[in-house]
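[1] model this:
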Amino acid sequence: MLQALVSAARRFFEDVNRSLTVDHWPQRERRAGVVPPVAPDYQSLKRVVLTDGVGRTLFEEYAGHRLSAKGEDETGWLLLGLREEAQAVVLATLPAGAEHDAGVGHVEFNSRGQALASRIVRQVDRRLTILGVVHTHPGTLRHPSDGDYRGDSVWVGQLRGGEGIFGIGTADTTRTNGTPFARQPKPNVQCLGELCLSWYALRQGDRKYRPLPVELTLGPDLARPLHSVWPMLEAHADRLDRLYRQQARVTFETVAGKRGPALAVSIALSEPGQNIRVLLEGKEVEYYLVRGGEPLRADPHEERVDRGVYLLLAELAAQVD
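    Residues are numbered from 1 along each chain as shown. Next up, the predicted model:
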């Protein structure tokens, strides 16, 4: 998991840091005398705040995982949100992935899918950053292990404030209280039925984790719509990420496809009201040229998304007198 987390964090922060440096403060704001935002004075975290949407995602997907064929294996989520001076607010969860590697004692995230997903989620709010991870343990070990520490202590320095949030999921069938709502037996522990999430913080240079109080607030899981199209997102992650970096105006959204949820990619053209739209559903890739809101089916005969888009752009360029 360490290599995947470091890779995801590195790719994410390269993108984020470019957008946050003072040198990239928009010229119009400089001319207007607008002062760039002052960097927060990060303190040790006093609490982690989850939106109710994030809480539902973690418990529902953990429960679903336990009922699956790989229910004995570990699983996990990358957490995105806002890092404030003394607290962090978790606003999005990125799953370990359809192609992740896991067993009863480890889980390795698919960093390619998570790096692309972080770009997509940040379309909603550019302030979002990586806060930490949640992963599950077999049995009832509610504290991060020595192996967790060896990995986590390496990459927390890349996080804002040099500190990360770590949730440990466990299941204990002997301790279910039979209630249909969550309870909080300790400030850093949430339980729903047999499932528990225990929250910790680790700061760069710390020798051990410390329990981190957890609170809930109203709000969505901004990444939840992506969970339904995650296999498609992972399958095309490298090419979509390349397309995003090479083209100035690329947007993503989840839409209703012919047989279920689909991932739509739009590339704006120079002509107003025109764009190329790519629809990914299952193993199918469909291309459209949209003019004035009307889609016209195009067929570049290419399953590789980036190549298909550039073939269409070349064809459009050839039509210009």
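[2] thought Ala86 was touching Gln43?
    Yes. Judged on C-beta atoms under 8 Å, Ala86 makes contact with Gln43 at a distance of 4.7 Å. C-beta coordinates here come from the backbone N, C-alpha and C atoms, glycine included.
[3] so where does the closest residue to Pro185 other than its chain neighbours fall, helix or strand?
    Nearest residue to Pro185, sequence neighbours excluded (C-beta to C-beta, 6 or more residues apart in numbering): Cys191, at 6.3 Å. Assigned by DSSP states H and E, Cys191 belongs to strand 189-192.
[4] residues in contact with that strand?
    55, 59, 142, 175, 177, 181-185, 196-199, 214 (C-beta atoms under 8 Å, 6 or more residues apart in numbering).
[5] CA-only coordinates of it in PDB, if you can.
    C-alpha atoms of strand 189-192 as PDB (Å, rounded to 0.1, in the frame of the first residue of the first chain):
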ATOM      1  CA  VAL A 189     -14.500   5.200  17.600                       C
ATOM      2  CA  GLN A 190     -17.600   4.900  15.500                       C
ATOM      3  CA  CYS A 191     -19.600   1.600  15.500                       C
ATOM      4  CA  LEU A 192     -22.600   0.500  13.400                       C
END
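[6] quick check: buried residues in the helix or strand following that strand?
    Where DSSP H and E defines the elements, the next helix or strand beyond strand 189-192 is strand 195-203. Within strand 195-203, the residues that qualify as buried are 195-203, counting by 16 or more other C-beta atoms under 10 Å.
[7] circling back: what comes up buried for the strand holding Cys191?
    Result for strand 189-192 [16+ other C-beta under 10 Å]: buried residues 189-192.
[8] neighbouring strands for that strand, and are they parallel or not?
    strand 183-186 (antiparallel), strand 195-203 (antiparallel) (DSSP bridges).
[9] where's that strand relative to the chain centroid, distance-wise?
    Mean-position distance between strand 189-192 and its chain equals 23 Å (C-alpha atoms, centre = their mean, to the nearest Å).
[10] for stretch 69-84, what is the average pLDDT?
    Mean pLDDT, stretch 69-84: 89.
[11] report the buried residues of it.
    Neighbour counts over stretch 69-84 (16+ other C-beta under 10 Å) mark 73-84 as buried.
[12] out of those residues, who's nearest Ser266?
    Minimum distance to Ser266 across the buried residues of stretch 69-84 is 22.3 Å, recorded for Leu80 (C-beta to C-beta).
[13] the chain: helices as residue ranges?
    2-20, 27-31, 52-66, 111-121, 146-155, 224-227, 230-235, 237-246, 305-319 (DSSP state H).
[14] of all these, which one comes closest to Ala256?
    Closest to Ala256 of these, according to C-beta to C-beta: helix 224-227, at 11.2 Å.
[15] find the nearest non-adjacent residue to Lys258, please.
    Using C-beta to C-beta, 6+ apart, the nearest residue to Lys258 is Glu281, at 6.6 Å.
[16] what's the pLDDT at Glu108?
    With respect to pLDDT, Glu108 scores 65.
[17] what of Ala318?
    So Ala318 comes in at 82 (pLDDT).
[18] how close does it sit to Leu280?
    26 Å (C-beta to C-beta, to the nearest Å).
[19] please say which of those two ends up with more neighbours.
    More neighbours surround Leu280 than the other of Ala318 and Leu280, with 22 against 7 (other C-beta atoms under 10 Å).
[20] let me see the contact set for the more buried one.
    Contacts of Leu280 (C-beta under 8 Å, 6+ apart): 229, 232, 236, 262-265, 305.
[21] repeat for Arg210
    200-202.
[22] what about it, distance to Leu263?
    Distance, Arg210 to Leu263, using C-beta to C-beta: 39 Å.
[23] hmm, Lys208 is touching Asp152, no?
    No. Using C-beta under 8 Å, Lys208 is not in contact with Asp152, being 10.9 Å away.
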